[in-house]
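# make a model of this:
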Amino acid sequence: MSDPSRESLWRPLRVLQEAMDTEIARLYSERRIEGLKPSFVRELLRLNACGPMTIGELAESVGLTHSALSQKVAAMRAADWVETVPGEDARSKKVTLTAKTRKIIGRLAAEWRATEAAVAEIEAEVPYPLSRVVVDIEQALARKSFHDRIAEKLAEDPAWE
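Okay, the predicted model is just below:
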């Protein structure tokens, strides 16, 4: 049996994003911002702009599931980027920035702006920008869902039975 995982149309995109995130992390390291993952920055910036939020509020704000954000908050808390504090009632907790994060939040906002400008620059250099690809894929998926497309292919594959 051959290994189907050797073929992937999506892998180059994931590899590209990982490489770009590695370059962002390198910038953090050069500024001695240790232990910060580029994937944390959106939530840290949102907390800075909006103030303390419950995990549910923050998840909704950034378009993630409660479960996914809960795991991310746990990782950010372990790295001392956020902390949880009591909410309005005894049952709720709010996520807030630590003093360590507040000291560098301006740098993180600057990095976000610089990253967005660099992406815009790259998109201007290529004939078909990734942001356009995303819109086109979203439109194709609105016509027929990814689930339905995969299910159709699986219906044709006897190994799925």
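
# what packs against the lengthiest helix in the chain?
In the chain, assigned by DSSP state H, the helix with the most residues is helix 99-125. The elements that helix 99-125 packs onto, with contact taken as 3 or more C-beta pairs under 8 Å, 6 or more residues apart in numbering; DSSP states H and E, are helix 11-30, helix 41-50. Where C-beta positions appear, they are placed from N, C-alpha and C, glycine not excepted.

# what would these look like in CSV with distance to Gln71, mean neighbour count and mean pLDDT?
Supplementary listing: these in CSV, determined by distance: least, C-beta to C-beta, whole Å; neighbours: other C-beta atoms under 10 Å; pLDDT from 0 to 100:
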stretch, distance to Gln71, mean neighbour count, mean pLDDT
helix 11-30, 18, 12, 95
helix 41-50, 12, 17, 98
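
# would a markdown table of those with distance to Thr101 be doable?
Compiled in a markdown table, those are given as follows (distance: least, C-beta to C-beta, whole Å):
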| stretch | distance to Thr101 |
| --- | --- |
| helix 11-30 | 13 |
| helix 41-50 | 6 |
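
# closest to Phe146 out of these?
Evaluated with C-beta to C-beta, these place helix 11-30 nearest to Phe146, the distance being 14.7 Å.

# could you give the angle of that closest one to helix 41-50?
60 degrees (axes from the mean of the first three to the mean of the last three C-alpha atoms, to 10 degrees).

# can I get helix 11-30 in PDB, CA atoms only?
The C-alpha trace of helix 11-30 is given here as PDB (Å, rounded to 0.1, in the frame of the first residue of the first chain):
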ATOM      1  CA  ARG A  11       1.400  21.200   3.100                       C
ATOM      2  CA  PRO A  12       3.300  23.900   1.200                       C
ATOM      3  CA  LEU A  13       1.000  26.500   2.600                       C
ATOM      4  CA  ARG A  14       1.400  25.200   6.200                       C
ATOM      5  CA  VAL A  15       5.200  25.100   5.700                       C
ATOM      6  CA  LEU A  16       5.200  28.600   4.400                       C
ATOM      7  CA  GLN A  17       3.200  29.900   7.400                       C
ATOM      8  CA  GLU A  18       5.400  28.000   9.800                       C
ATOM      9  CA  ALA A  19       8.500  29.500   8.100                       C
ATOM     10  CA  MET A  20       7.000  33.000   8.400                       C
ATOM     11  CA  ASP A  21       6.100  32.500  12.000                       C
ATOM     12  CA  THR A  22       9.600  31.300  12.700                       C
ATOM     13  CA  GLU A  23      10.900  34.600  11.200                       C
ATOM     14  CA  ILE A  24       8.600  36.600  13.500                       C
ATOM     15  CA  ALA A  25       9.700  34.500  16.500                       C
ATOM     16  CA  ARG A  26      13.300  35.300  15.400                       C
ATOM     17  CA  LEU A  27      12.500  39.100  15.700                       C
ATOM     18  CA  TYR A  28      11.100  38.500  19.200                       C
ATOM     19  CA  SER A  29      14.300  36.600  20.100                       C
ATOM     20  CA  GLU A  30      16.500  39.400  18.800                       C
END
